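Trainee: Build me a model:
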Amino acid sequence: MPDGPRVVVGAAIVRDGYLLAARRNAPAALAGGWELPGGKVEPGESETEALIRECQEELGVVVVPGERVPGEWPLRDDLVLRVYLAELVEGEPAPLEDHDELRWLAGADLFEVAWLPADVPAVTAFRRFSGLG
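Mentor: Here you go, the predicted model:
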């Protein structure tokens, strides 16, 4: 087992200058908060494989992972968030698992939703990295 916290990957899916945000409905402690879609990297899985799998499970779409946004952000003592740019190549995103709403946010509107606390610095870093907004 590798040392250190387990990695959670987040997908920064951008289409036509808009970033996809997902509102959690589970677990109860996170319900109502907005996040970048994604999830935990499973044993034996690469970060990009996890990103592809999580986008399929949570949104019903196929993505191609791109560059990793510089930085990583603690979610808990045992979890750290890493964000990747992701290109939507098949399907239309739908809130299938752990989410009840999706929203495409323009760069100027990135902080009009109540991001989960751990996602705030990740979205800020994404904004700097991507130049969106």
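
Trainee: Stretch 96-116: how far from the chain's middle?
Mentor: Here stretch 96-116 shows a centroid-to-chain-centroid distance of 10 Å under the convention Cα atoms, centre = their mean, to the nearest Å.

Trainee: That stretch - what's its average pLDDT?
Mentor: Taken as a whole, stretch 96-116 carries a mean pLDDT of 95.

Trainee: Return the set of buried residues in it.
Mentor: Using 16 or more other Cβ atoms under 10 Å as the test for burial, stretch 96-116 gives Glu97, Asp98, His99, Leu102, Leu105, Leu110, Val113, Trp115, Leu116. To be clear about C-beta, it is placed using only N, CA and C from the backbone, and glycine gets the same treatment.

Trainee: Report the two of those separated the most.
Mentor: Distance extremes for these: the farthest pair is Glu97 and Leu110 at 23.6 Å, using Cβ to Cβ.

Trainee: quick one, helices of this structure?
Mentor: 47-59, 119-130 (DSSP state H).

Trainee: what helices or strands is the longest one leaning on?
Mentor: This means helix 47-59. Under the contact definition 3 or more Cβ pairs under 8 Å, 6 or more residues apart in numbering; DSSP states H and E, helix 47-59 sits against strand 6-15, strand 38-40, strand 62-68, strand 79-90.

Trainee: which one of the ones you listed is the most hemmed in?
Mentor: strand 6-15 (a mean of 22; mean count of other Cβ atoms under 10 Å).

Trainee: Could you tell me how far the lowest-mean-pLDDT helix or strand in the chain lies from the centre of the chain?
Mentor: Lowest on mean pLDDT, DSSP states H and E among the helices and strands of the chain sits strand 73-76, with a mean of 92. A distance of 13 Å separates the centroid of the chain from that of strand 73-76, by Cα atoms, centre = their mean.
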